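S.K.: Below are the sequence and a predicted model; questions follow.
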Amino acid sequence: MTVQKHLTLQDGTLFPAFGLGTWKSDPGQVYDAVRWALQAGYRHVDCAAIYGNEPEVGEALQDAFEAGDCTREELWVTSKLWNDSHRKEHVRPALEKTLADLRLDYLDLYLIHWPIAFRHGVTFPKSADEFLTLEEAPLEQTWEAMAACKDAGLTRQIGVSNMGPSRIESLSQVGPTPAVNQVECHPHLQQRALIDFCASKDIAVTAYSPLGSTDRAQRKDDEPALLDHPTLLDIAAETRATVAQVLIAWAVHRGTAVIPKSVDKRRIDENLQALSVELLPTHLDAIATLDKGYRYLDGEFFARGGSPYAAADIWL
Ligand code: NDP
Ligand code: 1BO
C-alpha cells in the first residue's frame, strides 16, 4: 500500500494530500471508481452536489465501509455548496441533502463552490433573472451559515473554492478563516501568489484539474495539452513515471492537496502511485518555467446569458 501524505490544517487536523476527483464521473461509472480507489488506498474523495452523482458515491461509500475497505474515520470526504443555495436559509438544507445522498452523518470539509449566486433551484442560469448578485446574496451571509453548520456538527471543516485574497479576507472578518481554498492549479497555472497568501493565513490549498481537465464538454481551440507537454514528457522519462504521475507528484511536492479524477481502474492505481515519484530540483526548475496563467476553467460559463458577473472578477 502506498504511504499517504497529509497536510496539517489550522486546528491540527490531518488532511490527506491526495484524493479522487468525481466531476464528470458519470452515474454508472462513479460507483466502481470510488470502490477501486478506496480498495487501492485512497482516503480522500472530492464531491459536489452539482456533479449529480452523490447518491452513487454514497452507495459506494456505504458498501466500502460494510466490506471493510476503510472506516468512516479513516476517510476524508469533501463536498460543495452549489451556487443556488447561497442564501443563509438554503445552506443547511443543501448540506443535509448532500449528507443524505452520500449516506454520511458528517462531512470532513464543506466548501462554497464558487463566489457566484443563482436563484434557488437554478442549476445553470439561462437568463439574467436567474442570477443573484453578490449584493442580493452576500458571501459573508453564506459563510455565517456555513459556520453554523460546522458548529452543529454537520461538517468538521469549512472552506472555499475559486476564491482570491479579497474574498477570503472579507469572509474571515465575519467568521472563521477558511480551512481550505480549492482552486485550479497545474504547471500552466501555478498560483504562486495565491498559495503564498493562503500559507500566510494557514489555509491549505487543494489543486483541482491537476491533469488539465481533459474530458470537459466545452474545450477551447487554443487549449494547451498538459499531458503531452515535451518538458513534462522528458521529466516523466527521467523519473520512469507517467506525465500524470509527474503532475501529481509536483502538486504534492509544493505542499498542495491534489484530487485527480479518473473512472479507469488502471489510471486510478497509477495516480495513487505518483506519491512515490521523486522529483529532482532540476525537474522542479523546469516545471517552474511552464507557468502562463492559463485557466482550463476560465469561468466564462458564468458570464453569459445576461450575467451580472464578469469572468475576470471571479478570482478576486
Ligand atoms: P483532471 O485534471 O483531474 O483530469 C481528469 C481527466 O484526466 C479525465 O479525462 C481522466 O480520464 C484523465 N486522467 C485521469 N488520470 C489519468 C492518467 N493517469 N493519465 C491520463 N489521463 C488521466 O480534471 P478535473 O477537472 O476533473 O479535476 C479533478 C477534480 O477536481 C474534479 O473531478 C473535481 O473533483 C475537482 N474540481 C473542482 C472544481 C471546483 O470548482 N472546485 C473545478 C474542477 C474540478 P479517465 O477518467 O478516463 O481516467
Ligand atoms: C461548473 C464546474 C464545477 C466543477 O467543480
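M.R.: Received the coordinates, thanks. Ligands and ions are numbered 1, 2, ... in the order given.
S.K.: Show me where the stretch 101-250 of the chain has its strands.
M.R.: 107-112, 117-118, 131-132, 155-161, 180-184, 204-208 (DSSP state E, counting those that start in this stretch).
S.K.: Counting by contacts, list what the first one packs against.
M.R.: Pointing back at strand 107-112 there. Counting contacts by 3 or more Cβ pairs under 8 Å, 6 or more residues apart in numbering; DSSP states H and E, strand 107-112 packs against strand 76-81, helix 88-102, helix 139-151, strand 155-161, strand 180-184. For glycine as for every other residue, the C-beta is placed from the backbone atoms N, C-alpha and C.
S.K.: try 7 Å
M.R.: Other helices and strands packing on strand 107-112, by 3 or more Cβ pairs under 7 Å, 6 or more residues apart in numbering; DSSP states H and E, are strand 76-81, helix 139-151, strand 155-161, strand 180-184.
S.K.: hmm, it in reach of ligand 1?
M.R.: No: applying Cβ under 6 Å from any ligand atom, one finds strand 107-112 separated from ligand 1 by no less than 6.9 Å.
S.K.: Check the offset of that strand from the chain's centre.
M.R.: 10 Å (Cα atoms, centre = their mean, to the nearest Å).
S.K.: Format the strands of the stretch 101-250 of the chain as CSV; extra columns: mean neighbour count, distance to Leu139 and mean pLDDT.
M.R.: CSV is the format used below for the strands of the stretch 101-250 of the chain (neighbours: other Cβ atoms under 10 Å; distance: least, Cβ to Cβ, whole Å; pLDDT from 0 to 100):
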stretch, mean neighbour count, distance to Leu139, mean pLDDT
strand 107-112, 26, 7, 99
strand 117-118, 23, 8, 98
strand 131-132, 21, 11, 97
strand 155-161, 24, 9, 98
strand 180-184, 25, 13, 98
strand 204-208, 25, 19, 98
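S.K.: Now render the ones you listed as TSV, adding distance to ligand 2.
M.R.: Formatted as TSV, these follow (distance: least, Cβ to the nearest ligand atom, whole Å):
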stretch	distance to ligand 2
strand 107-112	10
strand 117-118	11
strand 131-132	14
strand 155-161	7
strand 180-184	9
strand 204-208	7
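S.K.: list the contacts for the nearest residue to Val258 once chain neighbours are set aside?
M.R.: In space, and not counting its chain neighbours, Val258 is closest to Ala251: 3.8 Å by Cβ to Cβ, 6 or more residues apart in numbering. For Ala251, the contacting residues are Cys185, Ala207, Pro210, Val258, by Cβ atoms under 7 Å, 6 or more residues apart in numbering.
S.K.: Do me a favour and average the pLDDT over stretch 233-243.
M.R.: For stretch 233-243, mean pLDDT rounds to 98.
S.K.: buried set for it?
M.R.: Residues of stretch 233-243 classed as buried by neighbour count (16 or more other Cβ atoms under 10 Å): Ile235, Ala236, Thr239, Ala241, Thr242, Val243.
S.K.: what's next to it, contact-wise?
M.R.: Residues contacting stretch 233-243 (Cβ under 7 Å, 6+ apart): Leu227, Leu232, Val246, Glu270, Val277, Leu279, His283, Ala286.
S.K.: The residue nearest to the second one when sequence neighbours are not counted and ligand 1, how far apart?
M.R.: In other words, Leu232. In space, and not counting its chain neighbours, Leu232 is closest to Val243: 4.7 Å by Cβ to Cβ, 6+ apart. Computed as Cβ to the nearest ligand atom, to the nearest Å, the Val243 to ligand 1 distance reads 7 Å.
S.K.: Tell me the residues on the protein that lie near ligand 2, please.
M.R.: Proximity of the chain to ligand 2, by Cβ under 6 Å from any ligand atom, involves residues Trp23, Ala48, Ile50.
S.K.: tell me the secondary structure for the last one?
M.R.: Three states are possible here, and by DSSP: H, G, I helix; E, B strand; the rest coil the one that applies to Ile50 is helix.
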